[in-house]
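Asks: Below: sequence and its predicted model.
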Protein chains: 2
Amino acid sequence: MRVFIVLGHTAALTPDFTLNDLPGSAGRLDILCRCVTAAFCLSHGIRRQINVYLVLQDRITIRLDGRYLRHLNPDERSTGALLQKALQKIQQAAPDLPDELRSTPGIFVSRRGLAQLLAQLRRQVEQIIWLHEGGRDLRSAELDQSSAFVLSDHRDFSPEEETLLGEFARLSLGPQILHADHCITVVHNELDRREP
Amino acid sequence: MRVFIVLGHTAALTPDFTLNDLPGSAGRLDILCRCVTAAFCLSHGIRRQINVYLVLQDRITIRLDGRYLRHLNPDERSTGALLQKALQKIQQAAPDLPDELRSTPGIFVSRRGLAQLLAQLRRQVEQIIWLHEGGRDLRSAELDQSSAFVLSDHRDFSPEEETLLGEFARLSLGPQILHADHCITVVHNELDRREP
């Protein structure tokens, strides 16, 4: 299972935004939509052994599980609509509910932040990797197919996030600093090439 | 100069579509928008030494030139609006006009198809490369930084296109068949790593 964790520092926490303005009123939700497409979409199908966690302002986490995903199209707007439905679901739940709720097939939402997510993933994957331009080159690193990769949106990692991530290996992807979704594509390509 | 040519087999030829439905009424223009983002957008800036040619149904070509591009945002909808403006521009021109017209900064449009474009690029770049799942591995190929890469949208290359492209080297990107925009990201990463 490959896992991608994307930190959305400005992403909307409530569903009251228009799909016509994902970069603006939805707080750069367009970035997270493109990450979902990069993580799951192949030319003719969906990568099934993938989990994506979108961590919105360290308060709400939307999980997309490739094994159960349906209705996922590659365009930003339709993905934005699925994320909006997940935000509707959590908005209707009790404010102290700790559980993950199912929104649509393969999409789950909870009031969880990065610390809780990392604690959980530590038990579920072999490696957690912090994608960081200062890290070692991905191509020369030992990689397990069961790895979680942590990325940020258009904002830098916050000091609190850097503290949480400090214990994990840092890997970089090349000489240019890429958008989060492009990072996911490069990681997939490297892992695809290493699959037995 | 890196060049990407994306063949849009179903893309709208006229601007009478809604930005709310790039996959539908605009004929999968969403794919071409994501290709533009992948070709030009870095985390904090625009790749300037890039030309992208979007060949719509082999009848209209929209060229985006990184040296002059302005107002390019990474989201699909705003890129779709720029392409729509280019289609308005060519719609207003005489039907037999052979020239390229400037639409917005860095965006040019003409009534040209793939054959004419390849004839022109043969004089402008060192290599033309056909990205094709049956080709040799990109990582082990000799690559010039002045190369043009030809990709298709969600449709296969047509027999006529295969005839036109048959003389060029075919390269593949890995074991999975990727979306066109993801192919562009992988090509960039390989060329970035090889830059002196």
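Replies: Yep, that arrived. Note that the coordinates shown come from a computational prediction; the quantities given were computed from them, not determined experimentally.

Asks: What are the neighbouring residues in contact with A:R102?
Replies: Applying C-beta atoms under 8 Å, 6 or more residues apart in numbering or on different chains, we find A:R102 in contact with A:89, A:108. For every residue, glycine as well, the C-beta is placed using N, CA and C.

Asks: The lengthiest strand in chain A: partners in the sheet, and parallel or antiparallel?
Replies: Ranked by number of residues, the top strand in chain A under DSSP state E is strand A:127-137. Note on strand A:127-137: by DSSP bridges, its sheet partners are strand A:147-152 (parallel), strand A:169-172 (parallel).

Asks: After the first one, which helix or strand is next?
Replies: The reference is to strand A:147-152. Heading C-terminal from strand A:147-152, the first helix or strand you meet, by DSSP states H and E, is helix A:159-165.

Asks: if we can go back for a sec, what's next to the longest strand of chain A, contact-wise?
Replies: Here strand A:127-137 makes contact (C-beta under 8 Å, 6+ apart) with A:118, A:121-122, A:143-144, A:146-151, A:157, A:165, A:168-174, A:177, A:183, A:187.

Asks: same thing but at 7 Å, please
Replies: Residues outside strand A:127-137 that contact it (C-beta atoms under 7 Å, 6 or more residues apart in numbering or on different chains): A:118, A:121-122, A:144, A:147-151, A:165, A:168-173, A:177, A:183.

Asks: rewinding a little: let me have the strands paired with strand A:127-137 in a markdown table, adding distance to B:L64 and mean pLDDT as columns.
Replies: Formatted as a markdown table, these follow (distance: least, C-beta to C-beta, whole Å; pLDDT from 0 to 100):
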| stretch | distance to B:L64 | mean pLDDT |
| --- | --- | --- |
| strand A:147-152 | 27 | 98 |
| strand A:169-172 | 28 | 98 |
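
Asks: Packed most tightly, which of these would that be?
Replies: Across the strands paired with strand A:127-137, averaging neighbours per residue (mean count of other C-beta atoms under 10 Å in any protein chain shown) puts strand A:147-152 on top, at a mean of 23.

Asks: returning to what we had before: CA atoms only: put the longest strand of chain A into PDB for me.
Replies: Extracted C-alpha coordinates of strand A:127-137, given in PDB (Å, rounded to 0.1, in the frame of the first residue of the first chain):
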ATOM      1  CA  GLN A 127       8.400   3.700   6.100                       C
ATOM      2  CA  ILE A 128       7.200   7.300   6.500                       C
ATOM      3  CA  ILE A 129       9.100   9.600   4.200                       C
ATOM      4  CA  TRP A 130       9.200  13.400   4.300                       C
ATOM      5  CA  LEU A 131       9.400  14.800   0.800                       C
ATOM      6  CA  HIS A 132      11.700  17.800   1.200                       C
ATOM      7  CA  GLU A 133      13.900  19.600  -1.200                       C
ATOM      8  CA  GLY A 134      16.800  19.300   1.300                       C
ATOM      9  CA  GLY A 135      16.600  15.500   1.400                       C
ATOM     10  CA  ARG A 136      18.600  12.700  -0.300                       C
ATOM     11  CA  ASP A 137      17.800  11.700  -3.800                       C
END
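
Asks: What residues sit buried inside it?
Replies: Across strand A:127-137, burial judged by 16 or more other C-beta atoms under 10 Å in any protein chain shown covers A:127-132, A:135.

Asks: Take the residues you listed and lay them out in CSV including distance to B:L13.
Replies: Formatted as CSV, the buried residues of strand A:127-137 follow (distance: C-beta to C-beta, whole Å):
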residue, distance to B:L13
A:Q127, 48
A:I128, 48
A:I129, 45
A:W130, 46
A:L131, 40
A:H132, 44
A:G135, 46
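
Asks: Can you say which two of those residues are spatially most distant?
Replies: Using C-beta to C-beta, these span at most 14.4 Å, a distance reached by A:Q127 and A:H132.

Asks: Near chain B, which residues of chain A? Just list them.
Replies: Counting by C-beta under 7 Å from any C-beta of the partner chain, chain A comes close to chain B at A:20, A:22-23, A:30, A:38, A:41-44, A:73-76, A:173-179, A:182, A:185-186, A:189, A:192-193, A:195.
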